[in-house]
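Visitor: Here is the input, now give the coordinates:
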Amino acid sequence: MVTADDFKHVMRHWAATVTIVTTRSGDQIHGLTATAFASLSASPPLVLVCVNRSARSHELIEEGRVFCVNFLAPDLVELSNRFAGRMPAEERFEGVAHRREATGAPVLESALAFLDCRVTQVVAGGDHTIFIGQVEAASVNRPSELPLLYHHGKYHKLGDGI
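Guide: Numbering: from 1, shown residues only. Below you'll find the predicted structure:
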């Protein structure tokens, strides 16, 4: 049997783009740093995010039925750390420029790119919930930049392509 520690050890060897998943429910906004994100379908455009059930964002995504995936560039490590819980939740958006697009979920002005989504399906997955969202708005804000990666417990930048 594979233990949670065994699984986490292996998964540390998978590199992933760092994102901040933001949400809105009424007047409340929230966000968390996440790498558990994937593209699901091009037609219709669907993506998924996996959120721990204990996270404050989980409750707000369930209530508001919207989320925005904000892709980070290497110069946004501090922002990633802020939304990873190294700052109280109520202070995460202080001084962080953001706007609304189609769903009302916060779009971070400094993001490399974003996908603004409306939840279409919710699937239980262990201690997480998989939120599937239809993309309602999308844009690349910084087209010549590469994404911030997370691998083996550390942030990384992409090097030259092969």
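Visitor: how near is the residue most central in space within the chain to Ser43?
Guide: Centre of the chain computed as the mean C-alpha position; nearest residue by Cα atoms, centre = their mean is Val21, 3.1 Å away. Separation of Val21 from Ser43 (Cβ to Cβ, to the nearest Å): 23 Å. Every C-beta, even on glycine, is put in place using the N, C-alpha and C of the backbone.
Visitor: just for the protein, where's the confidence low?
Guide: 160-162 (pLDDT under 70).
Visitor: can you pull out the helices in it?
Guide: With DSSP state H, the ranges of helices along the chain come out as 4-11, 56-64, 77-81.
Visitor: Of all those helices, which one is nearest Pro88?
Guide: Closest to Pro88 of the helices of the chain, according to Cβ to Cβ: helix 56-64, at 10.7 Å.
Visitor: Pull the residues that contact the closest one.
Guide: Residues outside helix 56-64 that contact it (Cβ atoms under 8 Å, 6 or more residues apart in numbering): 21, 23-26, 28-32, 51-52, 67, 89, 104-105, 119, 122, 129, 131.
Visitor: For Ala36, find the nearest of the helices of the chain.
Guide: helix 4-11 (10.0 Å).
Visitor: Distance from the chain centre to that closest one, please.
Guide: On the basis of Cα atoms, centre = their mean, to the nearest Å, helix 4-11 sits 21 Å off its chain's mean C-alpha point.
Visitor: tell me what that helix is packed against?
Guide: Of the remaining helices and strands, none touches helix 4-11 by 3 or more Cβ pairs under 8 Å, 6 or more residues apart in numbering; DSSP states H and E.
Visitor: Great, nothing more from me.
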